[in-house]
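**Q** turn this into a model:
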Amino acid sequence: MNLSFIEYQPQKVLQAFRQGQFDGLEVIGQADERDFFERCFRERMLSRLADSMPTARKKQEVPRWFILAANLSLKLHQENSFLAFERVARCGGLLSALPPDLAAKHLDVKTRQWALHCQGFNDKNTYDRATPCDQDTLRKALKDVPAAKWLEWFNGAVQQVFQAYGFFDPEGIFIGDGSYLFLPDNPAYEGSVVMWFDEHNHPVEYEKLSPEQRQGAHRERCYKWVSLLHLRGGAYVYAALALLPGNAHEVGPFFKLVEQFVQAAGKGVIKWLILDRGFIDGQAISRCKQDWNMEVVIPARKDMDIWTDAWALAQKQHWTPLPAEPAPVQPIPAGRPEKLRRRVAKRQQTLSQRKQALPPPPAAECYTHSDYCWIGGFRSWTAAAVPIAVVCLRDHYADGHHQDWALMSTYPSAEALRLLGYYRKRTAIEERHRQLKCFYDLSDFRSRSFNAIAAQVVLVLLTYTLRQWQLWKFLEQALANLTPEMLAQQLRLMQQWVVIYLGLAYTQLPVVSFTREAIQLEGAAREKALRKLDLLEDALLAPIPNPRPM
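**A** You can find the predicted model right below:
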């Protein structure tokens, strides 16, 4: 493994910056993370979660609440390496939220670095502490607990805390799905398997592929991540998870997760369960309806008898045009500077001109409209013990052909648009997969131990959900769909610092000090700094983007 460390070298970087030699600028702050932990402490959220958190220690010198808080701080900084703990503690807001007798943090006037003074939780150290506990303590606290205990904690006790704090809204919309976590091709990753995938990362049987298809296939070592996600208005709550070998079937483990959630949070919390066709199981879906009073919405497969029966009856039914979805409108903030307004308008004009210059797509690819019909009371699915309703849909194209698909549901009322609206929300969990893997480094595993891997997945999902809680309850729910970088920009971090990067070195300056340095630049150095500042200004003043349609 190749490790690159970015070192704090203020004199070197500042001298190069004055000559126009630097690689990037970044605005950082600690107020947002401090606010996160202060609210968690004030609401007693951390203590409630930590009381039930699993541990392998008989003698707990470092309390579990701090083990949990330190790991949440790492995940807020998208760090999975415990070696980063001291750096995260130095530049983050966790220590500022702790009592002064436990940790103190101040800026050294001479060195311009944060000076840390931590009391710690025992008297074994004879030197000054930089952090309340060592990074190795955090690592062992996670790795020594069996993976099953971490999953049991998240799927049980954590969900009970979420229920007590009102994380689940009365509408009760939940989505289930599975995704693959790719790993380095190292057999030391416990419980992992090697599989073949196509160019869209869908699993395939290599022996059945044509020579052309084999060219796009790739071999990956992987786990399978199965999750249950709650849509809380515009925010998201992870309600359960399972971590399996990549070749394991997800249907049985998923419905086991649903059962565990009902045991933890109670009946009636899940009112609507939205699934993809990979979770078709007549007995399990029937149990959701009969035992737990959930309504399930799931697509039908074309090889099912209920599909054949529904489409035979649909030919004699009245078909209704599906209302067109309005195009999303991006509002312009009232306080946006005129310079940025002109820049955005020019960019949109350029994109429009490029789109008009493209040749028109073939008629077979030009979607025109859709229509639907609803048919209820099917009993032809022998595996299901409850009546099933079917919504048949046809997507029409300009050349006259149409693509047919159908939704099945245990919901008995003829509300086809409602069912379709719920199913469209299923893409929300796919977007969460993308964000967590691409921006939160969910699968960036630094250990091959399955215990540590399970703990990492649990803590990433817990951190993500607690961040969502902070947004919908205390800040602004419209921020809940953003990536970490865009979220940091929108929160307008106070106590800001400007970081200057040069190769593997950096320095950080208070905003006032950076401003003094910047206005003294001349010539090419000044022009380069202005270009970088223009990019920062665009990012900081950009409006909150509309969430993707669901």
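**Q** contacting residues around Asp134?
**A** Applying CB atoms under 8 Å, 6 or more residues apart in numbering to Asp134 gives no contacts. Where C-beta positions appear, they are placed from N, C-alpha and C, glycine not excepted.
**Q** show me the shaky parts of the stretch 201-350 of the chain.
**A** Counting by pLDDT under 70, the stretch 201-350 of the chain contains low-confidence ranges at 327-337, 340.
**Q** does Glu61 really touch Asn122, like I thought?
**A** Yes - taking CB atoms under 8 Å as the definition, Glu61 is a contact partner of Asn122 at 4.9 Å.
**Q** and the contacts of stretch 33-42?
**A** 45-47, 69, 72-73, 76, 92-94, 96-98, 466-467, 470, 474.
**Q** distance of Leu94 from Leu466?
**A** 13 Å (CB to CB, to the nearest Å).
**Q** looking at the two, which is more packed in?
**A** Between Leu94 and Leu466, counting by other CB atoms under 10 Å, Leu94 is the more crowded of the two (26 against 22).
**Q** which non-adjacent residue is nearest that one?
**A** Of all residues not flanking Leu94 in the chain, Ser73 sits nearest, at 4.3 Å (CB to CB, 6 or more residues apart in numbering).
**Q** please apply the same query to Ser179.
**A** Counting by CB to CB, 6+ apart, the residue nearest Ser179 is His433, at 4.5 Å.
**Q** for the record, mean pLDDT for stretch 498-510?
**A** When pLDDT is averaged along stretch 498-510, the result is 76.
**Q** from the centre of this structure, point out the most distant residue.
**A** Lys316 (44.5 Å; CA atoms, centre = their mean).
**Q** secondary structure class for it?
**A** coil (DSSP: H, G, I helix; E, B strand; the rest coil).
**Q** list the buried residues of the lengthiest strand in the chain.
**A** Longest strand in the chain by number of residues, with DSSP state E as the criterion: strand 218-232. Buried positions in strand 218-232, judged by neighbour count with 16 or more other CB atoms under 10 Å: 220-232.
**Q** what segments of the stretch 151-300 of the chain are strands?
**A** Per DSSP state E, counting those that start in this stretch, the stretch 151-300 of the chain carries strands over the ranges 173-183, 193-197, 203-204, 218-232, 235-245, 272-274, 295-299.
**Q** the helix ranked longest in the chain - contacts with which helices or strands?
**A** For the chain, the longest helix by residue count, based on DSSP state H, is helix 450-474. Contact partners of helix 450-474 among helices and strands, from 3 or more CB pairs under 8 Å, 6 or more residues apart in numbering; DSSP states H and E: helix 31-42, helix 45-51, helix 64-76, helix 135-143, helix 147-153, strand 218-232, strand 235-245, helix 427-438.
**Q** try it again at 6 Å.
**A** helix 64-76, helix 135-143, helix 147-153, strand 235-245 (3 or more CB pairs under 6 Å, 6 or more residues apart in numbering; DSSP states H and E).
**Q** show the buried residues in the contacts of stretch 33-42.
**A** 45-46, 69, 72-73, 76, 92-94, 96-98, 466-467, 470.
**Q** excluding covalently adjacent residues, which one is nearest to Ala406?
**A** Using CB to CB, 6+ apart, the nearest residue to Ala406 is Ala300, at 4.4 Å.
**Q** ok, that neighbour - contacts?
**A** By CB atoms under 6 Å, 6 or more residues apart in numbering, the residues touching Ala300 are 307, 406, 408.
**Q** you'd agree the second one is in a helix?
**A** In this case it means Ala406. No - counting by three-state DSSP, Ala406 is not part of a helix but strand.
**Q** number of residues surrounding it?
**A** Ala406, neighbours per other CB under 10 Å, totals 22.
**Q** give the bridge partners for it, please.
**A** Cys392 (DSSP bridges).
**Q** what about the residue found closest to Ala324 once you drop the neighbours it is linked to in the chain, how many neighbours?
**A** Leaving aside its chain neighbours, Ala324 sits nearest to His369 (7.3 Å; criterion: CB to CB, 6+ apart). When counting by other CB under 10 Å, one arrives at 13 neighbours for His369.
**Q** how about Leu95: what's its closest non-neighbour residue?
**A** Ala103 (4.2 Å).
**Q** sorry, slip of the keys, the one I care about is Arg64.
**A** Using CB to CB, 6+ apart, the closest residue to Arg64 is Ala50 (4.2 Å).
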